[in-house]
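Visitor: Provided below are the primary sequence and the corresponding predicted coordinates.
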Amino acid sequence: MEFLLDDEHVGLADTIDGLASRADAIAANRAWADGDTAPGLALWSSLAELGVTGLLVDDGHGGAGAGAIEMVVAAEALGRHAVPGPVAETLAAVPAALRAAGRAAELSSLAAGGLATIAVAPWQPRVADPAVATVYVVADGTLATGAAGEPLATVDPSRTVAEVAAGESLGDGVDVDDVLNHGALATAAQLLGLGATMLDLAAEYAKARQQFGRPIGSFQAVKHHLADVAVALEMARPLVHGAALALDGAVPDDVDANREVSAAKVAASDAAYLAARGSLQVLGAIGYTVEHDLSLFLTKTQALQSSWGTPAAHRQRILETLR
């Protein structure tokens, strides 16, 4: 099985990275947390022009007709910049549900840049960021419009969630596991991106911070600390890519896509958590202050660890596939 990205995938990641940097996604995240979503929505509009919101939408509906591999590449790049908004829902879970329900108009709207969010029990009973997105809900294999309740704050200041009530039915026969898998895998990719940036921030700080006349990064304990984070992230990435291949059907028939996705979510969650803990230990208390960019990545990591299935839920799912 091939896990290496080709030049096209690398180019996609680089393009998103450049766009997010020029748009100052970090500043957009801070503004979003303060209630000003305009900079973030402008960034999403630019991402839509690149085709990012329509990666999983077929070209007949204005999308790119790409697969899960391209989707996880994009989600990881967005995670590296802590881009606010319903990333996993817009890029992955909603298009998977709309495709299954045969909703052409909604798919076209998504490809054109509309943000979307969705609730799917048992892992995602609430919708994320409903104030800026079209709301959907899947229950018992039926996709319906959703009416979101009062937004609730989360540990991530740039993310809200809300209870949702089902409205008009849009279609039956939706594979709930497929929607859950797409949401969980996109979240896993985001966590990889968050972890990578936290590692970068810690490494840069370790090279600049002096102690006893030497950069603290020259101390073996600090180097080993950050090396453990790098190893965890690099070990998780092939699992994310392998799960994407499973969702695309590019694996042998005996490969269980549910198990692959859950393994990827567990590994990415654990790696991002290790990156959060390790980077905070290197930076010290300054890393948790709201003024430091690291704090944005710490809180988003904590929020996304339980989004689209907690590590415990995914470990249980893996166990069930092994029985």
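Guide: Cool, got the structure.
Visitor: the bottom helix or strand of the chain by mean pLDDT?
Guide: strand 210-211 (a mean of 62; mean pLDDT, DSSP states H and E).
Visitor: list the helices and strands the longest helix seen in the chain packs on?
Guide: Longest helix in the chain, counting residues (DSSP state H): helix 176-208. Judged by 3 or more CB pairs under 8 Å, 6 or more residues apart in numbering; DSSP states H and E, the packing partners of helix 176-208 are helix 68-80, helix 87-88, helix 94-101, strand 116-120, strand 214-215, helix 220-247, helix 257-283, helix 294-306. For every residue, glycine as well, the C-beta is placed using N, CA and C.
Visitor: can I get these in JSON lines including mean pLDDT and distance to Ala23?
Guide: Output for these, formatted as JSON lines (pLDDT from 0 to 100; distance: least, CB to CB, whole Å):
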{"stretch": "helix 68-80", "mean pLDDT": "98", "distance to Ala23": "12"}
{"stretch": "helix 87-88", "mean pLDDT": "98", "distance to Ala23": "15"}
{"stretch": "helix 94-101", "mean pLDDT": "97", "distance to Ala23": "23"}
{"stretch": "strand 116-120", "mean pLDDT": "98", "distance to Ala23": "21"}
{"stretch": "strand 214-215", "mean pLDDT": "66", "distance to Ala23": "32"}
{"stretch": "helix 220-247", "mean pLDDT": "90", "distance to Ala23": "25"}
{"stretch": "helix 257-283", "mean pLDDT": "95", "distance to Ala23": "23"}
{"stretch": "helix 294-306", "mean pLDDT": "96", "distance to Ala23": "15"}
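Visitor: my read: Leu50 touches Leu19, true?
Guide: Yes. With contact defined as CB atoms under 8 Å, Leu50 and Leu19 form a contacting pair (6.8 Å).
Visitor: how far off centre is stretch 137-151?
Guide: Averaging C-alpha coordinates over stretch 137-151 and over its chain gives two centres that are 21 Å apart (CA atoms, centre = their mean, to the nearest Å).
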